[in-house]
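Asker: Task: produce atomic coordinates for the following.
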Amino acid sequence: FDWNQVPTGVEQHALDLQLAGLTQLYTVLQPRPGAAQAATRHPAVILLHSGFSGDESESAKLARKLAQRGVVVILPSYRGERRKVDGKRSEGKIEFCRGEVDDAQAALHWLRAQPFVDSQRLAALGSSHGGCIALRLGEREPALRAVVTFSAPVAAAPLVEHLQSHPAQTFLYNGILASQLRSYIQTTPQEHPEQYAERSPLAAMGTLRMPLLIFHGTKDQIVPREQACWLYQALVSSGRQVDESWISPQGQVYRPPASGCPQAAATPQAGDSLPVPTKFVFLEGQSHFYARRPKE
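Answerer: Below you'll find the model as predicted:
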């Protein structure tokens, strides 16, 4: 993947921001202004990558497509991670869905201050680790116009317990990832459950009022479907009407005869229904976002 070869009509530049004494690194992609649209304000998306090695090519590909469609995109390289455009590394240490939320929020504040950005049309899109960050960002930033997630974990302690109890899954990656997460959080769920609760957006999901679009694979072995169903239940319990659809392995969108989260779908609503679009899309038979097919 060529990080510095961008499509015609798109500008790309590196951005460094100071945050709590740390230099945090970002990559910005935006439509190249023409003479006729110099004063145009564009919608913007903060695109939150998966994993822990820095912004990855799938996010960059999507950022290029969005920029070609007139959207400003900012790609954070979270604390302790590498910006692929120039190989530099953000200061600080990986924390897993904690300080990274501060990094994302700083990017959002920067976007709001730009004269070429429509500050009323900002959204967050995150995959896996980035999905956790996006949901926590939505809690802090109620004015976001939308939050979109792919394969997002919403409860940290059960996630680590799942990975530890299935270490051989995903070609032995689950066991490696469990060790990584414990090292990032620097404790276990048993020793400091509050550290895991802080990294779990689930508890606050009933407070979100912006539109949500949630994607999750039905055979995800890294972040199991139950994580998505806990989110589903929390949203239904808060009064949201959830529109559920599935995508077949052949790419066909359809409505299943039964919900992917039957208990959540049957949960009685609390109070009046919230007229906010809430969509769950299950990828039938597909695994985590890291896999090739879900990315496609």
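
Asker: Now the helix or strand bottoming out on mean pLDDT in the chain - C-alpha only, PDB.
Answerer: Between all helices and strands in the chain, the lowest mean by mean pLDDT, DSSP states H and E belongs to helix 292-295, at a mean of 84. Extracted in PDB, the C-alpha atoms of helix 292-295 (Å, rounded to 0.1, in the frame of the first residue of the first chain):
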ATOM      1  CA  ARG A 292     -10.300 -10.300   4.400                       C
ATOM      2  CA  ARG A 293     -14.000 -10.900   3.600                       C
ATOM      3  CA  PRO A 294     -15.500  -8.600   6.300                       C
ATOM      4  CA  LYS A 295     -13.200  -5.900   5.100                       C
END
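
Asker: going forward, begin numbering at 360 instead of 1
Answerer: I'll keep to 360 as the first residue from here, and by that count the last item is helix 651-654.

Asker: any residues touching it, and which ones?
Answerer: With contact meaning CB atoms under 8 Å, 6 or more residues apart in numbering, helix 651-654 is reached by Glu417, Phe509, Ser510, Phe574, Gly576, Pro608, Leu642, Gln645, Ser646, His647, Phe648. Using the backbone N, CA and C atoms, a C-beta is placed for each residue, glycine as well.

Asker: now that helix: how far from the chain's centre is it?
Answerer: 16 Å (CA atoms, centre = their mean, to the nearest Å).

Asker: Same check on stretch 431-440?
Answerer: 12 Å.

Asker: so how far is the first residue of it from its last?
Answerer: 22 Å (CA to CA, to the nearest Å).

Asker: Give me the mean pLDDT for it.
Answerer: For stretch 431-440, mean pLDDT is 98.

Asker: Break down the protein into its strands, ranges please.
Answerer: Remark: strands assigned in the chain by DSSP state E are 369-378, 381-390, 401-407, 431-436, 476-486, 505-509, 571-576, 602-606, 612-613, 637-642.

Asker: Same list, these, but as TSV with mean neighbour count please.
Answerer: What follows is those, written out as TSV (neighbours: other CB atoms under 10 Å):
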stretch	mean neighbour count
strand 369-378	14
strand 381-390	21
strand 401-407	26
strand 431-436	26
strand 476-486	21
strand 505-509	23
strand 571-576	23
strand 602-606	16
strand 612-613	10
strand 637-642	20
